[in-house]
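Chemist: give me coordinates for this.
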Amino acid sequence: MEMLCRMHLTSALGQANHVYAEAAMIHGVAIAILVITFAILWIMQARMREEIKLHCVLLLMIPPTFLRAQRGLMQYIREVCVQLRRYFPGIGAGID
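Modeler: Model (predicted):
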């Protein structure tokens, strides 16, 4: 009887360890997926920010006399840069 009880306990502990190992593996995979996802999002945000800076610098290269002649375009550029400043402070500061 004692032998039977010991076998059941050993079997139950073995199954519990197996379940724990699987849960730990699934947990590790989920954390890895989250880390990779956030790394990709961080890289995309950095690239987008650099792209916005590049385009605002290109806007600064347009001659002011041309922009003054194009009142509608100038107003549109101001609105775009106001929106950019709201989300990315310091970008497009020289447009106004």
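Chemist: helices of the protein, residue ranges please.
Modeler: Assigned by DSSP state H, the chain shows helices spanning 2-60, 64-69, 71-87.
Chemist: packing partners for the helix or strand of the chain with the lowest mean pLDDT?
Modeler: Of all helical and strand segments in the chain, the minimum by mean pLDDT, DSSP states H and E falls on helix 64-69, at a mean of 70. Judged by 3 or more C-beta pairs under 8 Å, 6 or more residues apart in numbering; DSSP states H and E, helix 64-69 is in contact with helix 71-87. Just so you know, the C-beta spots here come from the backbone N, C-alpha and C atoms, and that holds for glycine as well.
Chemist: ok, of the helices of the chain, where does mean pLDDT dip lowest?
Modeler: Mean pLDDT across these is lowest at helix 64-69; the value there is a mean of 70.
Chemist: could you export it as CSV, CA atoms only?
Modeler: C-alpha atoms of helix 64-69 as CSV (Å, rounded to 0.1, in the frame of the first residue of the first chain):
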residue,chain,number,x,y,z
PRO,A,64,10.5,82.8,-47.9
THR,A,65,9.6,85.1,-50.8
PHE,A,66,8.0,82.1,-52.6
LEU,A,67,6.1,81.2,-49.5
ARG,A,68,4.9,84.7,-49.0
ALA,A,69,3.5,84.7,-52.6
